[in-house]
Structures are given as structure tokens and as C-alpha cells.
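**Q** Sequence and predicted structure, then a few things I'm wondering about:
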Amino acid sequence: MSKDKPSETLSTTALFSLLEKSPSLETFLDEHESDLPAPNISDYLSYLLERYQLSKQAVIRAANLERSNGYQIFNGYRTPRRNALLRIALGMHLTLEETQYLLKLALRGELYPRTRRDAAIIYCIQHKFSLIDAEIMLEQLGEEILE
């Protein structure tokens, strides 16, 4: 497959196999560039909104984000801070896996259970706490809230 020809979406397994058989990394990247889209936060958030049948407005409200800031994040005009992403995750009731992927896409550091604050946030995500309940728990533990 060349990057000049339209191609069908290849599975991850197929890409692993093609990479293994490729004579060089440069050859693989040249031939399969179109199969390696660069994921971005905005696209992933759009996918999650559709998956959970939520509106941007409802999530922005649940995440207690300033309206214009929230829309800039969802539309890809602003890279959010880690706390804003965690607020969105709680507002959308994302799974831990979805939250970790969101943090990873934004290069904001995944949650780490050996860190007391992160462990509390993980617990809140796993137990589907609202943002308010998560912040109450963090405050009771003497940890920084998600502002």
C-alpha cells in the first residue's frame, strides 16, 4: 500500500505484521503513513460524546468548566490542563481506561495509584463519583481539588 492510494483501515495486528516484515522503519512509515493517524484530544472527546450520547454543553456544565474554555477544549483550540481533563472525565463518567487515554493524548501524565491524590481520583472515577463528590473527597483527604 502506498500513501498515494486510498487504503482500507488496517487492524493493529496487521500493522504489527507489516512492521515486522518491513525492510526498514522508514519504508514502513512511508508505505503506511495513512494508516497511522495522529489522534487528538478533540477527536477523542467527540467520539466519547457520541458514544455516551452527551452534549458538549452538558459535559461542560457537569465538569464545571467556564463555557468558552470548555468549547475551546472540545473544538481543539486549547490544550487543557490535567485538572480540566480530569473534570471532564468525571463529568462524562468515563472509565479509568478512557480517562488514562485522554490524559495520555494530551501528554498530561496518566493517573498513578502510588500517588495519594491520584489514587483518590482513580477511586472516584472507578466508583462514578460526580465532580462535586470527588472534590469533597479530595478536600477531606487534604489533597488539592480539581480547580
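**A** Looks like it arrived, so ask away. Residues are numbered from 1 along each chain as shown.
**Q** contacts, neighbours, all on C-alpha from now
**A** Will do.
**Q** Does the residue nearest to R117 when sequence neighbours are not counted belong to a helix, a strand or coil?
**A** Excluding the flanking residues, the one nearest R117 by C-alpha to C-alpha, 6 or more residues apart in numbering is E143, at 6.1 Å. Here E143 takes the coil state, with states given by DSSP: H, G, I helix; E, B strand; the rest coil.
**Q** Show the pLDDT at the most centrally placed residue in the chain.
**A** Nearest to the mean C-alpha position of the chain, by C-alpha atoms, centre = their mean, lies L102 at 1.3 Å. Each residue has a pLDDT score; the one for L102 is 96.
**Q** From what I see, it and N40 are in contact.
**A** No: using C-alpha atoms under 8 Å as the test, L102 is too far from N40 to be in contact (9.0 Å).
**Q** who's sitting farthest from the centroid in the protein?
**A** P23 (33.4 Å).
**Q** per-residue confidence at that one?
**A** P23 carries a pLDDT value of 92.
**Q** Then M1?
**A** Reading off the model, M1 has pLDDT 40.
**Q** now swap in P6 and tell me
**A** On pLDDT, P6 comes in at 40.
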